[in-house]
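Colleague: What shape does this take:
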Amino acid sequence: MDLVLETERLLIRPLELTDAEAMFEMDHNPEVHKYLWQNPTQTIEETIKVIEMVQKQYVDNKIGRFATILKETNEFIGWTGIKFINDHIENGNTNFYDYGYRLNEKFWNKGYATEASIAWLDYGFNKMNIKEMNAYTHSENGASNHVLQKVGFNFIEDYPDNDGVIWKWWQLKKSIQ
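Modeller: Below you'll find the predicted structure:
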């Protein structure tokens, strides 16, 4: 996949196996997984399998999560992007576009999630012609809930997962101009 998005501070490109070490560092951190089933990655081999799975999604769905790089330092700060959810049911839904991101803790609270989100929403609505974007967050993840609200997502409802954990369902529809 040759798509690259660029913002003022970020370069957003497809995940590569060379991102595995930095992605493992992020996903091995329990704080990063506090609102993600509390299951940090234990081995770099797990990270490599995730990258390979995402690369397959690029082929199958023409989109997926992308490496997000800080231009100034060329550091991998996490992943952001649109994913076509067709491998499970979430809040009664499948076959939908989901927006999501995960950043390494040292890059939190710097506006990167918002900056990447704005770029992705523009791409999804104006280049992919997606009519409706969804997102879901742990109900207690105030930072992610704030970012989604700030970039225009509308809170739809709270819902429990199979373990009884409460999640928030968000939605943003393409505005007709």
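
Colleague: C-alpha from now on. contacts and neighbour counts both.
Modeller: Fine.

Colleague: Who are the contact partners of the closest residue to Gln42 other than its chain neighbours?
Modeller: In space, and not counting its chain neighbours, Gln42 is closest to His28: 6.2 Å by CA to CA, 6 or more residues apart in numbering. Listed by CA atoms under 8 Å, 6 or more residues apart in numbering, the contact set of His28 reads 40-42.

Colleague: Tell me the buried residues within these.
Modeller: 40-41 (16 or more other CA atoms under 10 Å).

Colleague: about what we covered before: gap between the residue nearest to Gln42 and Val59?
Modeller: Distance of His28 to Val59, computed by CA to CA, to the nearest Å: 27 Å.

Colleague: could you say what helices and strands the longest strand along the chain packs with?
Modeller: Looking across the chain with DSSP state E, the single longest strand is strand 75-85. If you count contacts as 3 or more CA pairs under 8 Å, 6 or more residues apart in numbering; DSSP states H and E, strand 75-85 packs onto helix 20-28, strand 65-70, strand 96-103, helix 112-126.

Colleague: so which of the ones you listed gets nearest Ser175?
Modeller: helix 112-126 (8.6 Å; CA to CA).

Colleague: Show me what counts as buried in stretch 91-99.
Modeller: Those would be 96-99, for stretch 91-99 by 16+ other CA under 10 Å.

Colleague: next one: stretch 112-124
Modeller: 112-121, 123-124.

Colleague: C-terminal to the helix or strand containing Tyr159, what's the next element?
Modeller: In the assignment (DSSP states H and E), Tyr159 maps to strand 154-160. Counting by DSSP H and E, the next helix or strand C-terminal to strand 154-160 is strand 166-173.

Colleague: picking that back up, quick check, distance from the strand holding Tyr159 to the centre of its chain.
Modeller: 18 Å (CA atoms, centre = their mean, to the nearest Å).

Colleague: What of stretch 134-144?
Modeller: Remark: stretch 134-144 is offset 11 Å from the chain centroid, using CA atoms, centre = their mean.

Colleague: outside of it, which residues touch it?
Modeller: Applying CA under 8 Å, 6+ apart, the external contacts of stretch 134-144 come out as 35-36, 96-100, 145, 158, 165-172.
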